[in-house]
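Undergrad: sequence unavailable; structure follows:
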């Protein structure tokens, strides 16, 4: 797989994130395969997906293998690494670095069932144990 550069990757746009989700789910895929998957839930042109994936390649968000007749793409980073980057950017830009502010906003914005609250408490307890 070719790699454009080693500089820090930009956070993905919403459209890029949609393509990354498809790649994380499918694994290495051609533009046609990603187009078909995205087309199952919305109308999107093949050339739009192709152009978006070419831009993502230039930005370093995906890697592309040119060994095959059709280019095969894969996500340059894992889903957890991308999620951490997006949340870090969100924390800095919207919540002035406050994890408490983010959590308050998330909890106020939707109903959270008891099981999910228990999981959140467990994650917080685990984080506290790791950082001591």
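TA: It's in. Only a predicted model underlies this, so the values are computations on that prediction, with no experimental measurement involved.
Undergrad: what's the end-to-end length of stretch 64-84?
TA: 23 Å (CA to CA, to the nearest Å).
Undergrad: now do it, average pLDDT.
TA: Taken as a whole, stretch 64-84 has an average pLDDT of 90.
Undergrad: quick one: buried residues of that stretch?
TA: Across stretch 64-84, burial judged by 16 or more other CB atoms under 10 Å covers 64, 71, 72, 73, 75, 76, 77, 82. The C-beta positions use only the backbone N, C-alpha and C, and glycine is treated the same way.
Undergrad: mind listing what the last one touches?
TA: Counting by CB atoms under 8 Å, 6 or more residues apart in numbering, residue 82 makes contact with 12, 17, 20, 75.
Undergrad: where does it fall, secondary structure wise?
TA: Per DSSP states H and E: residue 82 is located in helix 79-94.
Undergrad: helices and strands around the helix or strand following that helix, which ones?
TA: The helix or strand immediately downstream of helix 79-94 is helix 99-109, counting by DSSP H and E. Applying 3 or more CB pairs under 8 Å, 6 or more residues apart in numbering; DSSP states H and E, one finds that helix 99-109 contacts helix 79-94.
Undergrad: the helix it packs on versus helix 99-109: what angle between them?
TA: Relative orientation of helix 79-94 versus helix 99-109 (axes from the mean of the first three to the mean of the last three CA atoms, to 10 degrees): 100 degrees.
Undergrad: now, the buried residues of stretch 64-84 that are in helices?
TA: residue 82 (DSSP state H).
Undergrad: from the buried residues of stretch 64-84, which two are the most distant?
TA: 71 and 82 (21.1 Å; CB to CB).
Undergrad: filter the contacts of residue 82 to the buried ones?
TA: Burial by neighbour count, 16+ other CB under 10 Å: within the contacts of residue 82 this picks out 12, 20, 75.
Undergrad: quick one: contacts for the last one?
TA: With contacts defined as CB under 8 Å, 6+ apart, the neighbours of residue 75 are 20, 23, 24, 61, 62, 63, 82.
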